[in-house]
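Enquirer: I would like to see how this sequence folds:
(one chain, ligands or ions: 1)
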Amino acid sequence: MSTIITMNDPLELEVKNFNFFYAGKNEPNLKSVDMPIAKKKVTALIGPSGCGKTTLLRSFNRMHDLYPGNRYEGEIRFHNDNQNLLDKEIDLIALRMKIGMIFQKPTPFPMSIFDNVAYGLRLQGLKDKKILAEKVEKALRGAALWDEVKDRLKDGASALSGGQQQRLCIARAVAVEPDVLLFDEPTSALDPISTLAIEQLIIELKEQLTVIIVTHNLQQAARLSDYTAFMYLGELIELGATKDMFVNPQERLTEEYITGRFG
Ligand SMILES: Nc1ncnc2c1ncn2[C@@H]1O[C@H](COP(=O)(O)OP(=O)(O)OP(=O)(O)O)[C@@H](O)[C@H]1O
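Expert: Model prediction:
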């Protein structure tokens, strides 16, 4: 049994009766997950290590397809075009541009700052140099990095600090104007100042897109998110408005987790 809030917000995504099996497993790693994701809001996924947060996050842009034998059951409705994004026919490259991902450790490509951000735009077929430069600038501004890099766009991305590299990865994802960004513990490798910069950025990003974030840091979930989903042993236990859930959780397991009785 799980407790799921009835949402008044329009939905971006809707997970329905979803199971996920890693290759070779007969038992699902995610079990009967039903989960609405509100549009242009931040949803945090929390829960103890191994409960399936990253597995769920990676289902939204079909990252599991990179490894043979992984299997999905059920539906994930993408309301933007009302498709089940688990359909076999889905174009995965196009999907990953609409639903981008930021990893725990920054993953800049071994190329210049400019080329990192231009990468997806070029993949989309954009050739006009002027428009490309404008879009790269807009994305770098959107990721609060422009002022720091505008005089060295041709330098290699690896020369940036960890926090700057993470913002570069956000700029790269934002450049192709996604509907959703998935963040997998995006600040766990960063110092407190870089962490604050990324958190501020996530709050600004929800003006234009939907964010789903996995975090171990409950204060971060409370600071950033509109909705919080608590998972345990591959199941969604509770999904509620963050401000209510941290004060008044409905499920005993949620309460035990957020009060630190297990973790
Ligand atoms: N590639 C894989 N193959 C098989 N099982 C996996 C694989 N990756 C994860 N698992 C299993 O799936 C379950 C969920 O793992 P997942 O990484 O999604 O949890 P998590 O909540 O993100 O954990 P953490 O907070 O430690 O990152 C765990 O039991 C894990 O052992």
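
Enquirer: is it fair to say residue 12 lies in a strand?
Expert: Yes: assigned with DSSP: H, G, I helix; E, B strand; the rest coil, residue 12 falls within a strand.

Enquirer: is it true that it touches residue 42?
Expert: No: shown here, residue 12 and residue 42 do not form a contact pair, counting by C-beta atoms under 8 Å, at 11.4 Å. Any C-beta I mention is one placed from the backbone N, CA and C, and that applies to glycine too.

Enquirer: quick one, phi/psi of residue 17?
Expert: Note on residue 17: its backbone torsions stand at phi 40, psi 50 [degrees, to the nearest 10].

Enquirer: swap in the one 4 residues further on?
Expert: Geometry field for residue 21 lists phi and psi as phi -120, psi 120, criterion degrees, to the nearest 10.

Enquirer: check residue 18 too.
Expert: Here is the backbone geometry of residue 18 (degrees, to the nearest 10): phi -100, psi 130.

Enquirer: grab the nearest non-local neighbour of it.
Expert: Closest residue in space to residue 18, ignoring its immediate chain neighbours: residue 74 at 3.7 Å, by C-beta to C-beta, 6 or more residues apart in numbering.

Enquirer: contact partners for that neighbour?
Expert: Residue 74 makes contact with 15, 16, 17, 18, 19, 33, 86 under the criterion C-beta atoms under 8 Å, 6 or more residues apart in numbering.

Enquirer: so it sits in a strand?
Expert: Yes: secondary structure assignment places residue 74 in a strand (three-state DSSP).

Enquirer: distance of it from residue 35?
Expert: For residue 74, the distance to residue 35 under the criterion C-beta to C-beta, to the nearest Å works out to 11 Å.

Enquirer: hey, what's in contact with both of the two?
Expert: When C-beta under 8 Å, 6+ apart defines a contact, the residues bordering residue 74 and residue 35 alike are 15, 18.

Enquirer: contacts only, for residue 78.
Expert: 12, 13, 84, 85, 98, 99, 179.

Enquirer: now do 7 Å
Expert: 13, 85 (C-beta atoms under 7 Å, 6 or more residues apart in numbering).

Enquirer: what does the residue nearest to residue 117 when sequence neighbours are not counted show for phi and psi?
Expert: Taking C-beta to C-beta, 6+ apart, and ignoring the residues beside it in sequence, residue 117 has residue 136 as its nearest neighbour in space, at 4.5 Å. In this entry, residue 136 is assigned phi and psi values of phi -60, psi -40 (degrees, to the nearest 10).

Enquirer: so who does residue 136 touch?
Expert: When contacts are counted by C-beta under 7 Å, 6+ apart, residue 136 is found next to 114, 117, 118, 175.

Enquirer: ok, these vs residue 2, which is closest?
Expert: Proximity of these to residue 2 (C-beta to C-beta) peaks at residue 175, which lies at 36.6 Å.

Enquirer: any idea how far residue 142 is from the closest one?
Expert: Here the criterion is C-beta to C-beta. By it, residue 175 lies 8 Å from residue 142.
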